[in-house]
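In: Give me a 3D structure for the following:
(chains A and B)
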Protein chains: 2
Amino acid sequence: MKMEAYFSKYIKNALQKNPPGEWMFDLPDECIRLNSGFPAPDLIPADGLKNAVDRLLEEEQDLPLHYVGSPRFDRLKEYIQQRLQEREMKDGEVLVTAGACQGIDLLARIFIDDQTLVAVESPTYMEALEVFQNYTDHFMSIPVDEYGLQTDQLEEVLAERQRNGQRLPKLLYTIPTFQNPTGTTMTTERRKHVLELADKFDFLIIEDDAYGELFFRDQAVLLKAMDRHDRVLHVGSLSKIVAPGMRIGWVNAAPEVITALAWFKKDLDHPFVQATMAAFLENNDMAERLNLLRETYREKRDVMISALKNYMPSSASWYISEGGYFVWVKLSGIDTSTLLPRALDEGVAFVPGQYFFLNEADGKEFLRLSFSYASRDDIADGVQKLANAIEKK
Amino acid sequence: MKMEAYFSKYIKNALQKNPPGEWMFDLPDECIRLNSGFPAPDLIPADGLKNAVDRLLEEEQDLPLHYVGSPRFDRLKEYIQQRLQEREMKDGEVLVTAGACQGIDLLARIFIDDQTLVAVESPTYMEALEVFQNYTDHFMSIPVDEYGLQTDQLEEVLAERQRNGQRLPKLLYTIPTFQNPTGTTMTTERRKHVLELADKFDFLIIEDDAYGELFFRDQAVLLKAMDRHDRVLHVGSLSKIVAPGMRIGWVNAAPEVITALAWFKKDLDHPFVQATMAAFLENNDMAERLNLLRETYREKRDVMISALKNYMPSSASWYISEGGYFVWVKLSGIDTSTLLPRALDEGVAFVPGQYFFLNEADGKEFLRLSFSYASRDDIADGVQKLANAIEKK
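Out: Take a look at the predicted model:
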């Protein structure tokens, strides 16, 4: 029997998309993973989480193992709210989600239908793009430079669409701080500008703040903290600062949005990990932890930038990330997807730029390096191996 | 700003539905919870799970705390596959989900659009119904009796719709074994019949087997094990036999269905709890555990049935469940939703029948009692309190 014949009309397009790069999770052990958006293994608090589970189950027994019932569910939400308040966020309610990705999926579920135009950054986070592509085929992309989203270009495009009577976007998806993949941050001026544009052209903004806490110098003001008209749907996560496998994220938005998201979330909850995370946060000083992360990742970023300077050909250029996990490299005249197999032969992996663009060809000369997962020695070695692969072309 | 104005056209109907009965989770401590579909607190293996986490994190350190990487993810899937094979299921692939509920939601996501007619049992599991209502407004319901879904009536209705040129259902949702809420089980003859009807009228069947392992006498053959033409989409869960808060469920279906479900599942995964469950299953004898659960719940069922016989008025009747968690009671001439506040005053909670019907009025004289959560003493007391509330009407 052909099961495809029974599929919903909504999903047929989505399934024709390219599957994500499974190769990334199937690399030989000795390969240096400059592709990996994982946190550093030694910064994952395995012991702290083990202690948290021990204490949780000794104190609460079966409570966190039912559908609802642990007092720590509320405490986790309170922690997240308090942390957001410290970051100048005054309004909005919090819904805890299974990672930022569930937050993005639920937002797509309630705001996007097959007629919705979604504006995205170019390049952007591929998994968010894939989620949106499950709901609509209508996208427009606006380039990012070293100061983040180019809001002047956004304004131009929107004004032109308006003049021509074309449909306007209902949603803009942005990672304003330490963007994935470019590592760049939207300036305060551009943040103000994009909020003005949201009012003027009547769209909502999904602010994906997965990396915002990992600044090496200055903390950026959250878009949501500058939002005066409930335009911003803020998505955050503990994946990059505690552990992705716990799948703890959140959405902060206007109460009626949270009510709608909660309706569609239903039982797709995860009481045990929520209670465990609350127990972990009780006994671990997050400020101290964040300082350690910032320092460690800053050092790793420095190692990567030095290695790039030392080993890369003069045709290569990159942004110097001031936070987050990534460095975005341009290799003029080189197709990075054909470079990848040669790099893997040398023993280093990266993510070719094509994965981050709606129009894959736009990513041809780019690649994303991550300094989060590999050790400092491996970062330096890995960049050298990458340079070798480029030379052998 | 009115956020509702931005919501997708798909969700506007869904949000007008009644929210689920939040009162159920906000009862005074002393209230006897014959409403609760939770497992018995003393049967939740809190210690076993604590030990599993300890061992997991000692052996694997950060591995189960990343997005992917723990060898135990595959082992959990293998355990589930093996268990299904022991239950005579030969075909199909497994996708691990965040509880049965995510499985049902993902199936709805790939099969249901706004034109899809879904057939459901009457009464049925309210949360599944709510999930389907997020995708379509077209339902038909077929009554359940003590032998499960009335397949003769299903055939009649389908034949009549076909004669009249009306749309036929694409999906039937059934809980064939120890149904929620009736506790009844579809006979083997009816199982064969419903599979024949699926072929004849060309529909798929979601088999929700949340309670199938909890038999007190005989094990029913899975619909999926009898399925010869990939008609059955089997959904299972460890929620009722290990712990709901771990959120481990699965879908077993044809490979192309699993591929599509996995696409929409994406990062809505939960590596840490999957690896923890695999570690738990390594060190705990599930056959032994299941025997303990069957014996304990059978005794509790007996206590409830005795108490019903002792205390209920002669106008009351019920099915004797041969497994699962629930007893379905009919109180002729009594509106169970107006009975509820009086029962709460007496100190006992139940779920009024209206929650389980598409047409709420059909549930007026029914209520669902659960013998899973309360202790044996409380079950007997609770039924007596319920009888008191009925007398005071």
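
In: could you point out which element follows the helix or strand of chain A with the lowest mean pLDDT?
Out: Lowest on mean pLDDT, DSSP states H and E among the helices and strands of chain A sits helix A:12-16, with a mean of 65. Note on helix A:12-16: by DSSP states H and E, the next helix or strand toward the C-terminus is strand A:32-33.

In: what helices or strands is that next one leaning on?
Out: strand A:348-349, helix A:376-391 (3 or more Cβ pairs under 8 Å, 6 or more residues apart in numbering or on different chains; DSSP states H and E). To be clear about C-beta, it is placed using only N, CA and C from the backbone, and glycine gets the same treatment.

In: Out of the ones you listed, which is the most enclosed?
Out: Most buried of those by mean neighbour count (mean count of other Cβ atoms under 10 Å in any protein chain shown) is strand A:348-349; its value is a mean of 26.

In: That strand - contacts with which helices or strands?
Out: strand A:32-33, helix A:376-391.

In: what residues are up against A:V120?
Out: By Cβ atoms under 8 Å, 6 or more residues apart in numbering or on different chains, A:V120 lies in contact with A:128-129, A:132, A:139-142, A:172-173, A:358.

In: Let's have those in JSON lines, adding neighbour count and distance to A:S306.
Out: Below are the contacts of A:V120 laid out as JSON lines (neighbours: other Cβ atoms under 10 Å in any protein chain shown; distance: Cβ to Cβ, whole Å):
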{"residue": "A:A128", "neighbour count": "25", "distance to A:S306": "31"}
{"residue": "A:L129", "neighbour count": "21", "distance to A:S306": "32"}
{"residue": "A:F132", "neighbour count": "25", "distance to A:S306": "37"}
{"residue": "A:F139", "neighbour count": "19", "distance to A:S306": "37"}
{"residue": "A:M140", "neighbour count": "19", "distance to A:S306": "38"}
{"residue": "A:S141", "neighbour count": "18", "distance to A:S306": "33"}
{"residue": "A:I142", "neighbour count": "23", "distance to A:S306": "32"}
{"residue": "A:L172", "neighbour count": "25", "distance to A:S306": "36"}
{"residue": "A:Y173", "neighbour count": "26", "distance to A:S306": "33"}
{"residue": "A:L358", "neighbour count": "15", "distance to A:S306": "33"}
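
In: so what does the helix ranked longest in chain A touch, helix or strand wise?
Out: Ranked by number of residues, the top helix in chain A under DSSP state H is helix A:286-311. With contacts taken as 3+ Cβ pairs under 8 Å, 6+ apart, helix A:286-311 sits against strand A:316-318, strand A:326-331, helix A:376-391.

In: would you list those in JSON lines and tack on distance to A:D302?
Out: JSON lines is the format used below for those (distance: least, Cβ to Cβ, whole Å):
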{"stretch": "strand A:316-318", "distance to A:D302": "13"}
{"stretch": "strand A:326-331", "distance to A:D302": "11"}
{"stretch": "helix A:376-391", "distance to A:D302": "9"}
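
In: Show me the shaky parts of chain A.
Out: By pLDDT under 70, the low-scoring segments of chain A are A:1, A:12-25, A:267-268, A:393.

In: tell me the domain boundaries of it?
Out: As assigned by automatic domain parsing, chain A contains the domains A:19-44+A:288-391, A:46-283.

In: Find the one among those domains with the highest mean neighbour count.
Out: Of the domains of chain A, domain A:46-283 is the most buried (mean count of other Cβ under 10 Å), at a mean of 21.

In: May I have the distance across that one, first residue to last?
Out: 14 Å (Cα to Cα, to the nearest Å).

In: ok, which stretches of the stretch 201-350 of chain A are strands?
Out: Ranges of strands in the stretch 201-350 of chain A, per DSSP state E, counting those that start in this stretch, are A:204-208, A:232-237, A:249-253, A:316-318, A:326-331, A:348-349.

In: Quick one: list the elements packing against the second one.
Out: In this structure, strand A:232-237 makes packing contacts with helix A:71-86, helix A:99-111, strand A:204-208, helix A:223-226, strand A:249-253, judged by 3+ Cβ pairs under 8 Å, 6+ apart.

In: Can you tell me what sits against it?
Out: Residues outside strand A:232-237 that contact it (Cβ under 8 Å, 6+ apart) are A:80, A:84, A:89, A:92, A:99-100, A:103-104, A:107, A:195, A:198, A:204-210, A:212, A:222-224, A:248-253, A:257.

In: Out of those residues, which are close to chain B?
Out: Contacts with chain B within those, counted by Cβ under 8 Å from any Cβ of the partner chain: A:99, A:204, A:253, A:257.

In: contacting residues around stretch A:292-310?
Out: By Cβ under 8 Å, 6+ apart, stretch A:292-310 touches A:40, A:43, A:213-216, A:241, A:316, A:318, A:320-321, A:323-325, A:327, A:329, A:369, A:371-372, A:374, A:376, A:379-380, A:382-384.

In: pull the CA atoms of it into CSV?
Out: Extracted C-alpha coordinates of stretch A:292-310, given in CSV (Å, rounded to 0.1, in the frame of the first residue of the first chain):
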residue,chain,number,x,y,z
LEU,A,292,33.0,30.1,33.3
LEU,A,293,31.2,29.4,30.0
ARG,A,294,31.9,33.0,28.7
GLU,A,295,35.6,32.7,29.6
THR,A,296,36.1,29.2,28.2
TYR,A,297,34.3,30.0,24.9
ARG,A,298,36.1,33.3,24.5
GLU,A,299,39.4,31.5,24.8
LYS,A,300,38.3,29.0,22.3
ARG,A,301,37.1,31.7,20.0
ASP,A,302,40.6,33.4,20.3
VAL,A,303,42.3,30.1,19.4
MET,A,304,40.1,29.7,16.4
ILE,A,305,40.7,33.3,15.2
SER,A,306,44.4,33.0,15.6
ALA,A,307,44.5,29.7,13.7
LEU,A,308,42.4,31.3,10.9
LYS,A,309,44.9,34.1,10.7
ASN,A,310,47.9,31.7,10.7
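
In: quick one on the thing from earlier: of the ones next to chain B among the contacts of strand A:232-237, which pair is most distant in space?
Out: A:G99 and A:L204 (20.9 Å; Cβ to Cβ).
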